[in-house]
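Undergrad: Whatever this is, show me its structure:
(one chain, ligands or ions: 1)
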Amino acid sequence: KAAACRGSWSSDSSDSAGAWEPLYRVVLLGDPGVGKTSLVNLFAGVQERDLLEQRGEDTYERTLSVDGEDTTLLVMDTWESEKRVCSESRLGSRCLQVGNAYVIVYSVTDRGSFESASELRIQLRRHRQAENIPIILVGNKTDLVRCREVSVEEGRACAVVFDCKFIETSAALQHNVAELFEGVVRQIRLRRPGGTG
Ligand code: GDP
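TA: The predicted structure follows:
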């Protein structure tokens, strides 16, 4: 699925991405309802009114300037639809093949989704054994303080075991969402040949 949808992030309409500009595919994984679409919409700058028109598009491209350098991310929120199409999975596993980086999302209010995150990490490791791909574990919905089922310490400890980065976010409050995607860019750069990060 290659449908790309440019978010209306900046007010100027120059979208002349130079051909030399690196473009990386970032795949969001996680249980239904944890907030993947909300996070990707914030990344893309998609407003709710746009969503009606853009239904069906689930890949978003945006160029981020991080540490004085531009990097284009193609963020794919296709996990559920692909899993549904073919659960055991040529397509489902395609998701696990195409990413240059992965964001595994759980909800801090849903322990089951935290456990699914572990399973996804294991699946990913199986599919991409030899590769050192960046993975970011994300605990979303931190605004729902009273419903929290997974502590920040558990999230952090899990990331240590998984050998990946960790961040907690709230899509509802737009907290740490920019930091999440900047972190993705930095993790990708660290792994470049010659790796300046
Ligand atoms: P997806 O199925 O993983 O793509 O999850 P969605 O982005 O569709 O979100 C599922 C529901 O959780 C929606 O009703 C969102 O409004 C809500 N949601 C997503 N992120 C947050 C968050 O950070 N805080 C709160 N309170 N609700 C959220």
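Undergrad: Just the buried residues of stretch 61-72, please?
TA: 61, 62, 64, 66, 71 (16 or more other Cβ atoms under 10 Å). The way it works is simple: take the backbone N, C-alpha and C, and place the C-beta from them, glycine included.
Undergrad: Report the beta-bridge partners for the second one.
TA: By that I understand residue 62. On the basis of DSSP bridges, residue 62 is bridged to residue 73.
Undergrad: just for the protein, where's the confidence low?
TA: 1-21, 46-57, 81-93, 194-197 (pLDDT under 70).
Undergrad: Tell me, how many residues neighbour residue 124?
TA: Using other Cβ atoms under 10 Å as the criterion, residue 124 is surrounded by 22 other residues.
Undergrad: For stretch 135-155, buried residues please.
TA: So for stretch 135-155, counting by 16+ other Cβ under 10 Å, buried means 135, 136, 137, 138, 139, 140, 141, 142, 148, 150, 155.
Undergrad: Kindly apply the preceding question to stretch 27-38 instead.
TA: 27, 28, 29, 30, 31, 34, 35, 36, 37, 38.
Undergrad: and these, which of them are in strands?
TA: Assigned to strands by DSSP state E, the following of these qualify: 27, 28, 29.
Undergrad: what does the lengthiest helix in the chain rub up against?
TA: The longest helix of the chain (DSSP state H) is helix 111-127. Residues from elsewhere that reach helix 111-127 (Cβ atoms under 8 Å, 6 or more residues apart in numbering): 29-31, 33-34, 93, 96-97, 102, 104-108, 133, 135, 137, 139, 149-150, 154-155, 158, 162, 164.
Undergrad: Flag every residue of the protein that's near the ligand.
TA: Those residues of the chain that sit near the ligand, judged by Cβ under 6 Å from any ligand atom, are 30, 32-38, 140-141, 143-144, 170-172.
Undergrad: Helices - which of the residues you listed land there?
TA: 36, 37, 38.
Undergrad: Without its sequence neighbours, what residue ends up closest to the second one?
TA: Counting by Cβ to Cβ, 6 or more residues apart in numbering, the nearest residue to residue 37 once its immediate chain neighbours are dropped is residue 77, at 5.6 Å.
Undergrad: Next, find the distance separating the one you found from residue 129.
TA: Residue 77 sits 25 Å away from residue 129, taking Cβ to Cβ, to the nearest Å as the criterion.
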